[in-house]
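S.K.: need a structure here:
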Amino acid sequence: MEDKKNPTSGPPMSHSSPGAPYTPPPPPPAKPGGGPGGPAMTNIRAQQGASDSQGAFMATHTLKEGETLSHLAVKYYGNPSKPFWSLIYEANKEVIGASERSVKPGMVLKIPKLPPAMISKTKIKK
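M.R.: Residues are numbered from 1 along each chain as shown. Below you'll find the model as predicted:
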């Protein structure tokens, strides 16, 4: 006997004629601001010109007691200023949270490669 509360699975019924092929509904519209990560993260990814699988990150770093994003910017980019530490923050917002001041020891952060326009502002030898 068929259970009316749990009908058999299958594609959703359409209102087309019997025997017509199933056509799935269109995908939902894109979110304003470029999708996940919002406009800032989308811009950073565009500047880097690569996704994670294509090597957009130069390293991972496990935060130690007392370290800040500025410390990481000096270590990896040779420059502690906001454009550099905010690049690290934007790449790790899901780990860090809503504030760049929320970093804690033990967090594992990805260190993104610098966009070409920022390379000339570092103290790292090319």
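
S.K.: please count neighbours and contacts with C-alpha atoms only from this point.
M.R.: Fine.

S.K.: moving C-terminal from the helix or strand of the chain with the lowest mean pLDDT, which element do we reach first?
M.R.: Least confident element among the helices and strands of the chain, by mean pLDDT, DSSP states H and E: helix 38-48 (a mean of 42). Towards the C-terminus, the helix or strand next in line after helix 38-48, according to DSSP states H and E, is strand 57-62.

S.K.: counting by contacts, list what that following strand packs against.
M.R.: Other elements packing on strand 57-62 under the criterion 3 or more Cα pairs under 8 Å, 6 or more residues apart in numbering; DSSP states H and E are strand 108-112.

S.K.: and if we set it to 10 Å?
M.R.: Applying 3 or more Cα pairs under 10 Å, 6 or more residues apart in numbering; DSSP states H and E, one finds that strand 57-62 makes contact with helix 69-77, strand 108-112.

S.K.: paired strands for the last one, with orientation please.
M.R.: Meaning strand 108-112. Applying DSSP bridges to the sheet, strand 108-112 is found paired with strand 57-62 (antiparallel).

S.K.: tell me the angle of the partner strand relative to helix 69-77?
M.R.: Strand 57-62 and helix 69-77 meet at an angle of 140 degrees, taking axes from the mean of the first three to the mean of the last three Cα atoms, to 10 degrees as the criterion.

S.K.: what does strand 57-62 rub up against?
M.R.: 48, 50-51, 72, 76, 88, 91, 104-114 (Cα atoms under 10 Å, 6 or more residues apart in numbering).

S.K.: before we move on, what about stretch 72-83?
M.R.: Residues from elsewhere that reach stretch 72-83, judged by Cα under 10 Å, 6+ apart: 58-59, 61, 63, 68-71, 84-89, 109, 111-114, 118-119, 121-125.

S.K.: okay, now K75: neighbour count?
M.R.: The burial metric for K75, expressed as a neighbour count using other Cα atoms under 10 Å, is 12.

S.K.: many thanks, I have nothing further to ask.
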